[in-house]
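Student: Provided below are the primary sequence and the corresponding predicted coordinates.
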Amino acid sequence: MRGISSLRSLLTNTSRTLLLLLLFVFTLQGQAGSVSQDTRASRLASSEQRTARYFESIRKSPQQELAFLIQMPKGADLHNHLSGAVYAESYIKWASDSGLCINIKTMALSVPTPPAKCDPKSGQPPASTALPNSGLYNQMIDAWSMRNWQNSGQTGHDHFFDTFIKFGPATWDQNGKMLAEVVARAARGHVLYLELMLTPDGGVSSQIGKNIKVSENLNTTLNELKSAGIDRAEAAGVSAVQAAETEKNQLLKCATPQADAGCSVTIRYIAQVSRGADPGTVFAQMVTGFALANDPSSKVVALNLVQPEDSPASMRNFSLQMKMLNFLRPLYPRAHVSLHAGELVPGIVPPKGLTFHIRDSVIVGHAERIGHGVDILHEDAPSELMKELVRRNVMIEICLSSNDLILGISGRQHPLATYMKYGVPVALATDDEGVSRSDISHEFLRGADDQGLGYLQLKMMTRNSLQYAFISGGSLWSDARKFFPVTQCAQDIASMKLTSNSCKQYVAGSEKAKLQWRLEEEFNTFERQY
């Protein structure tokens, strides 16, 4: 019996030993997995820090900075006017191909009305005259852009806004070509996503709206527009956008082995509303913009007020326009709103005009993003307003070249540092890169050299650009201020490998998360160089 008892004891002790050994092995494996995951996260963090240190080491060499920034992933350009994004050289060619005339005194294009033709004797030669004439060619570029604007005899503000009137006829029926140029340039700057401002319906809503009188009861005005056939404008907008994208795809050879990189840039559109127009036209354009942005099958995602914010009509009708937005916004729940506001400086308008545009655009006009926001510190109670922007999660679209050229605001005069101090989300954008003779990489260079932004700040803004994009789906980030990933993708982000089923499903179901994942992959590849 004692032998049997001893055998049982031996087996029990052996089992315990094996169990302990197995537990020890499993613990080691768990620790190894944890260490491995921590190591990956540490490696990613160290790559980011090394990249940041390298960027600091080339601060005194703008050419090296630019070379670095051209290759840096950019995320999205959220404030980009399609007509202003095209370079003057393209407009000269298109004007020549279309048989337009150029006024050699004003440098404005015109369309000859048959049987009339362009008349060189009266100072209206064909635009094609500029192609072999370098003097006229350069004059047209200077008149249609901010190149050499100091020689124009105008302020930067006036010269900038006058360019659109001068080259305007060259844009007619050219949206496909314009798209092709802009997305190809964006791709070269490593931009993944564009939101482009344009007039999608080609002016149909304007024609309807100019015959409508805006009454105190905006619902009555809306019904009048519907009776006048405002729905036609939405249909025209959908058709025009589809036609432009088809032509863009053909020009860039999309879906072929020779496809331009621009084919991979995701595009959405923001419907322009001409704030300087009469109230009936403004209201009609708003209705069309909201209707398009509310349609899930449309690539128009938002509307925005364009044209000079300081013009007499814009200043006079500002409060009415905010009232219009406040009335229409609840009727179109899927639509988004981004508004130009605070693109003003002292002297350009009376002091009182600087005190309320940003606040009213957000609180009354329901803006989810603000374009420019330059006069924020002149608004009533600016500190409280910036806290309100943080509370409402309103992002500021920062356009450094534009603010410098139009308003003369740069360096320490620019409020970017103040926005960042208060924690207001910001992102860099181009505004009108063709008119400004710039591109997204040069905007990042301005951010570094003019505003002292480091690599980590530029990276944060790049991530912001996709976080605040008006594209469907949930975000990759559960905390977009600290960029903590959603639970489904926590492990995948740490390893930068999309392997878990939970993250695959999440990313596949969200256009926004897909773009954000692509951006993180691009950052991972970019930073590993350093």
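Tutor: Looks like it came in fine. If you're wondering where the values come from, they're calculated on a predicted model, not measured in any experiment.
Student: show me what contacts the most centrally placed residue in the chain?
Tutor: For the chain, residue 78 is the residue whose C-alpha lies nearest the centre (Cα atoms, centre = their mean; 0.7 Å). Counting by Cβ atoms under 8 Å, 6 or more residues apart in numbering, residue 78 touches 195, 338, 369, 397, 427, 429, 465, 468, 469. For the C-beta atoms, the positions are set from N, CA and C on the backbone; glycine is no exception.
Student: go again using 10 Å as the cut-off
Tutor: 193-196, 268, 270, 302, 338, 369, 371, 395, 397, 427-430, 464-466, 468-470 (Cβ atoms under 10 Å, 6 or more residues apart in numbering).
Student: can you give me the helices for the stretch 201-350 of the chain?
Tutor: Here the stretch 201-350 of the chain has its helices, by DSSP state H, counting those that start in this stretch, at 204-209, 218-227, 231-251, 279-294, 312-328.
Student: tell me how many other residues surround residue 135.
Tutor: A total of 8 residues lie near residue 135 under the criterion other Cβ atoms under 10 Å.
Student: for residue 108, see how far away it is.
Tutor: 18 Å (Cβ to Cβ, to the nearest Å).
Student: which residues touch residue 239?
Tutor: 200, 201, 202.
Student: sorry, back to before: partners of the nearest residue to the residue nearest to the centre of the chain once chain neighbours are set aside in the sheet?
Tutor: Using Cβ to Cβ, 6 or more residues apart in numbering and skipping residues adjacent in sequence, the residue nearest residue 78 is residue 195, 5.0 Å away. Counting by DSSP bridges, residue 195 forms beta bridges with residue 268.
Student: shaky segments in this structure?
Tutor: For the chain, the stretches with pLDDT under 70 are 1-45.
Student: part of a strand, is the residue nearest to the centre of the chain?
Tutor: Yes - counting by DSSP: H, G, I helix; E, B strand; the rest coil, residue 78 falls inside a strand.
Student: could you give the number of residues near the closest residue to residue 377 other than its chain neighbours?
Tutor: Distances taken as Cβ to Cβ, 6+ apart place residue 415 nearest to residue 377, at 6.0 Å, with adjacent residues excluded. Close neighbours of residue 415, defined as other Cβ under 10 Å, add up to 26.
Student: do the one 5 residues further on as well
Tutor: Using other Cβ under 10 Å, residue 420 has 18 neighbouring residues.
Student: surely it meets residue 454?
Tutor: No - counting by Cβ atoms under 10 Å, residue 420 does not reach residue 454; the two are 11.6 Å apart.
Student: so for those two, which residues contact both of them?
Tutor: By Cβ under 10 Å, 6+ apart, the residues touching both residue 420 and residue 454 are residue 460.
Student: correct me if wrong: residue 496 contacts residue 521.
Tutor: Yes - at 6.9 Å, residue 496 counts as touching residue 521 under the criterion of Cβ under 10 Å.
Student: those two: who's more crowded?
Tutor: Neighbour totals were compared for residue 496 and residue 521, and residue 496 leads with 17 against 14 (other Cβ under 10 Å).
Student: in contact with the spatially closest residue to the more buried one that is not a sequence neighbour, which residues?
Tutor: In space, residue 496 comes closest to residue 524 once its chain neighbours are excluded; the distance is 4.7 Å by Cβ to Cβ, 6+ apart. Residues near residue 524 by Cβ under 10 Å, 6+ apart: 44, 47, 48, 73, 493, 496, 497.
Student: what ranges do the strands span in the stretch 51-200 of the chain?
Tutor: For the stretch 51-200 of the chain, the strands defined by DSSP state E, counting those that start in this stretch cover 75-81, 101-102, 109-110, 191-198.
Student: pull the CA atoms of the first one into CSV?
Tutor: As requested, the backbone C-alpha atoms of strand 75-81 are provided in CSV (Å, rounded to 0.1, in the frame of the first residue of the first chain):
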residue,chain,number,x,y,z
GLY,A,75,-3.4,63.8,-46.3
ALA,A,76,-6.1,66.2,-47.6
ASP,A,77,-6.3,69.7,-49.1
LEU,A,78,-9.7,70.8,-47.8
HIS,A,79,-9.7,74.5,-49.0
ASN,A,80,-9.1,74.6,-52.7
HIS,A,81,-11.0,76.6,-55.3
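Student: what's the angle from that strand to strand 191-198?
Tutor: On the basis of axes from the mean of the first three to the mean of the last three Cα atoms, to 10 degrees, strand 75-81 is oriented at 20 degrees to strand 191-198.
Student: for residue 348, which residues are in contact?
Tutor: Residue 348 neighbours (Cβ under 10 Å, 6+ apart): 155, 157, 308, 309, 310, 354, 375, 406, 407, 408.
Student: my error: substitute residue 502 in the last question.
Tutor: Neighbours of residue 502 in contact, by Cβ under 10 Å, 6+ apart: 486, 487, 488, 489, 490, 491, 492.
Student: count of neighbours near residue 433?
Tutor: Residue 433, neighbours per other Cβ under 10 Å, totals 27.
Student: which residues touch it?
Tutor: Neighbouring residues of residue 433 by Cβ under 10 Å, 6+ apart: 77, 80-81, 84-87, 182, 185-186, 189, 399, 401-402, 439-440, 442-443.
Student: and it, how far is that from residue 446?
Tutor: Per Cβ to Cβ, residue 433 is found 12 Å from residue 446.
Student: what of residue 223?
Tutor: For residue 223, the distance to residue 446 - Cβ to Cβ - is 48 Å.
Student: and residue 511, by the same measure?
Tutor: In terms of Cβ to Cβ, residue 511 sits 30 Å off from residue 446.
Student: now residue 289
Tutor: The value you get for residue 289 to residue 446, if Cβ to Cβ is used, is 30 Å.
Student: which one of these two has more residues nearby?
Tutor: Taking neighbours as other Cβ under 10 Å, residue 289 and residue 446 compare with residue 289 leading, 31 against 21.
Student: my guess is the more buried one meets residue 272, correct?
Tutor: Yes - between residue 289 and residue 272 there is a contact at 7.7 Å, judged by Cβ under 10 Å.
Student: shared neighbours of these two, which are they?
Tutor: In contact with both residue 289 and residue 272: 199, 200, 303, 304, 305, using Cβ under 10 Å, 6+ apart.
Student: which of those residues sit farthest apart?
Tutor: Farthest pair in the shared contacts of residue 289 and residue 272 (Cβ to Cβ) is 200 and 305. Separation: 15.1 Å.
Student: now the closest residue to residue 55 other than its chain neighbours, what are its backbone angles?
Tutor: Residue nearest to residue 55 in three dimensions, not counting chain neighbours: residue 455, with 4.1 Å by Cβ to Cβ, 6+ apart. Note on residue 455: its backbone torsions stand at phi -60, psi -40 [degrees, to the nearest 10].
Student: and for residue 455, the neighbour number?
Tutor: The burial count for residue 455: 21, using other Cβ under 10 Å.
Student: what's next to stretch 220-235, contact-wise?
Tutor: Here stretch 220-235 has contacts from 200-209, 211-215, 217, 271, 279-280, 283-292, 294-295, 298, 300, 324, 327-328, 331, using Cβ under 10 Å, 6+ apart.
Student: in JSON lines: the shared contacts of residue 289 and residue 272, plus neighbour count.
Tutor: As requested, these are exported to JSON lines (neighbours: other Cβ atoms under 10 Å):
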{"residue": "199", "neighbour count": "23"}
{"residue": "200", "neighbour count": "29"}
{"residue": "303", "neighbour count": "30"}
{"residue": "304", "neighbour count": "23"}
{"residue": "305", "neighbour count": "28"}
